[in-house]
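*Asks:* Structure of the sequence below:
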Amino acid sequence: MKGKCGDRVKFVRDQAKEIILAHGARCPRNTGRTERLIRWTRPENGWVKLNTDGVSRGNPGAAAAGGVLRDEMGSWCRGFSPNIGTCMTPLAELWGVYYSLLMAWESKVQRVEMEIDLEIVVKFLKIGISDKG
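*Replies:* As a prediction, the model looks like this:
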């Protein structure tokens, strides 16, 4: 039955249930986070910008990553969106970083600015990840 209409209907029903549950959940009002406006900004002339993201449905769960390479005018150059199996969101985000850098390398671009939205992954890339518990 894979790929049939029934699968899509089940998927939509599951998504609707998840949305209904999320809207009915009680969330604490003060999360300690502040909202800020995020928007795409151009890279400097002669540079390209990589925007990447990764996500998993569940932690761990089915995961995918995606990214886009744009020039200083905001024009789309290349993109990707692979399914990456089962993992947690930070690992999916790291796969997005990997595929983005591979895409830039294959495009032979030399001046690259990258934007990543998951703060823990930014920290991983800045200070490294310890393999010691």
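
*Asks:* can I assume residue 52 sits in a strand?
*Replies:* Yes - using DSSP: H, G, I helix; E, B strand; the rest coil, the secondary structure at residue 52 is a strand.

*Asks:* quick one, strands of this protein?
*Replies:* Applying DSSP state E to the chain gives strands spanning 48-58, 61-70, 76-80, 83-87, 112-116.

*Asks:* List the buried residues for the fourth one?
*Replies:* In this case it means strand 83-87. Within strand 83-87, the residues scored as buried using 16 or more other Cβ atoms under 10 Å are 84, 87. Every C-beta, even on glycine, is put in place using the N, C-alpha and C of the backbone.

*Asks:* Residue 66: what's it in contact with?
*Replies:* Going by Cβ atoms under 8 Å, 6 or more residues apart in numbering, residue 66 touches 52-54, 79-81, 96.

*Asks:* Widest-spaced pair of these?
*Replies:* Using Cβ to Cβ, the contacts of residue 66 span at most 14.1 Å, a distance reached by 54 and 79.

*Asks:* These two: which has the busier surroundings?
*Replies:* residue 54 (27 against 13; other Cβ atoms under 10 Å).

*Asks:* show me what contacts that one?
*Replies:* By Cβ under 8 Å, 6+ apart, the contact set of residue 54 is 63-66, 84, 89-96, 118.

*Asks:* what does residue 48 give?
*Replies:* By Cβ under 8 Å, 6+ apart, the contact set of residue 48 is 69-72, 77, 104, 107, 109, 111-113.

*Asks:* mind redoing it with 7 Å?
*Replies:* Contacts for residue 48 (Cβ atoms under 7 Å, 6 or more residues apart in numbering) come out as 69-71, 77, 109, 111-112.

*Asks:* Let me see the ranges of the helices in the chain.
*Replies:* 5-24, 89-106, 119-127 (DSSP state H).

*Asks:* how many neighbours does residue 116 have?
*Replies:* Residue 116 has 21 nearby residues by other Cβ under 10 Å.

*Asks:* Return the set of residues that bridge with it.
*Replies:* As for beta bridges, residue 116 partners with residue 52 under DSSP bridges.
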